[in-house]
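Q: Here is my input, please return the structure:
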Amino acid sequence: MRYAIIGTALLALAIAVPAAGQTPPAAPAIVRAVVAAGKLPDVVAAPLYFRADTITLDASATSRVSAPNGILYELSGSTTVAASGVSKTLSPGDAMVLTGGGETVLTAGGDGSSRSLFFVVTTAALVDKPLATAPATVAELYRTPAAISDLKAGSYDLNLTRVTFPPQMPSNPPHHRSGAALYYILSGMGANTIAGTTTDRGPGSLIYEPSGLVHQWGNPGAQPLTFIAFNINPEGTPAVVPETPPK
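A: Now for the predicted structure:
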């Protein structure tokens, strides 16, 4: 009996400890997915601002949107988006680029109300303009307090990226944006560090990141952290730039 117990213990130890030279399992990776993308041909003709609103429609209700460049992201329900001869039905997690200058028609699905998050990049002359007509309920969540800084002449990429950090992920290295971004946290609790101060950011939080803001993100929680980033960056330039330590 004593030998059997010793043998069982050794077997358990052999299972728990990797063999010599064996690589331990890799830590869970950050998952990124671009859900919508477009182009901004000119970003310096006039100062630009970010704005984010929710648009809520009752079942089968229709609203019209005439807004600057932006991306519509479906939070709940379904919305059929008709613009420039193209019609697309968005389910939760779907997104669509809406270009400025044309009218877009939104129609909620017939099985219930819909709620969308509308990110726009707009001029000062249009930043106060309503983003959707009645009977939609529009709630402004955020606008940049000043024009987006440090934009350069030339074409910019416009995209909405969904990012998931695994649980217990330490803060990533310090970095900043080549353009600018506006985050919206969908689920989980993120740790946002700026100038040595860490702030918890929960669902529904909106965080603006201009180009010069050096920051870090981590996930100290037991659940994944998922957010969407509405981002502009110079065409062909990475959106995220590692911070170079001072010499």
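Q: So S84 sits against T99, correct?
A: Yes. Contact criterion CB atoms under 8 Å: S84 and T99 qualify, at 7.4 Å. Just so you know, the C-beta spots here come from the backbone N, C-alpha and C atoms, and that holds for glycine as well.
Q: which of those two has more neighbours?
A: Set S84 next to T99 and count neighbours by other CB atoms under 10 Å: T99 wins out with 16 against 11.
Q: what's the closest non-adjacent residue to that one?
A: Counting by CB to CB, 6 or more residues apart in numbering, T99 lies nearest to N69, which is 5.8 Å off, once chain neighbours are set aside.
Q: mind checking the backbone torsions on that neighbour?
A: Note on N69: its backbone torsions stand at phi -60, psi 140 [degrees, to the nearest 10].
Q: Return the residues in contact with it.
A: Counting by CB atoms under 8 Å, 6 or more residues apart in numbering, N69 touches G38, L40, V97, L98, T99, G100, V120, V121, T122, L158.
Q: what would the residues you listed look like in TSV with distance to K152 and secondary structure?
A: Putting the contacts of N69 into TSV (distance: CB to CB, whole Å; DSSP: H, G, I helix; E, B strand; the rest coil) gives the following:
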residue	distance to K152	secondary structure
G38	18	strand
L40	12	strand
V97	22	strand
L98	24	strand
T99	21	coil
G100	20	coil
V120	21	strand
V121	15	strand
T122	19	strand
L158	15	strand
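Q: and stretch 185-202, which residues are buried?
A: Going by neighbour count (16 or more other CB atoms under 10 Å), the buried part of stretch 185-202 is I185, L186, G188, M189, G190, A191, N192, T193, R201.
Q: Cross these against strands and list the overlap.
A: In strands, defined here by DSSP state E, the members of the buried residues of stretch 185-202 are I185, L186, G190, A191, N192, T193, R201.
Q: For V31, state which of those residues is nearest.
A: Nearest to V31 among those, counting by CB to CB, is L186 at 12.9 Å.
Q: which residue packs closest to the closest one, ignoring adjacent ones?
A: Of all residues beyond its chain neighbours, the one nearest L186 is T226 (4.7 Å), with distances taken as CB to CB, 6+ apart.
Q: now do V35
A: Nearest one to V35, counting by CB to CB, 6+ apart, is A95 at 4.3 Å.
Q: that older thread, are any of the contacts of N69 buried, and if so which?
A: Buried among the contacts of N69 by 16+ other CB under 10 Å: G38, L40, V97, L98, T99, V120, V121, T122, L158.
Q: Show me what the fourth one is bridged to.
A: Put plainly, it is L98. G70 (DSSP bridges).
Q: which residues does it contact?
A: Neighbour list for L98: V65, A67, N69, G70, I71, L72, V81, A83, T104 [criterion: CB under 8 Å, 6+ apart].
Q: Could you measure from the last one over to I228?
A: To I228, T104 is 20 Å away according to CB to CB, to the nearest Å.
Q: what does the fifth one give?
A: Shown here: I71 relative to I228, a distance of 9 Å by CB to CB.
Q: how close does D200 get to S187?
A: 14 Å.
Q: list the residues that contact both of I71 and I228?
A: In contact with both I71 and I228: L160, using CB under 8 Å, 6+ apart.
Q: Right, I'll call it a day here.
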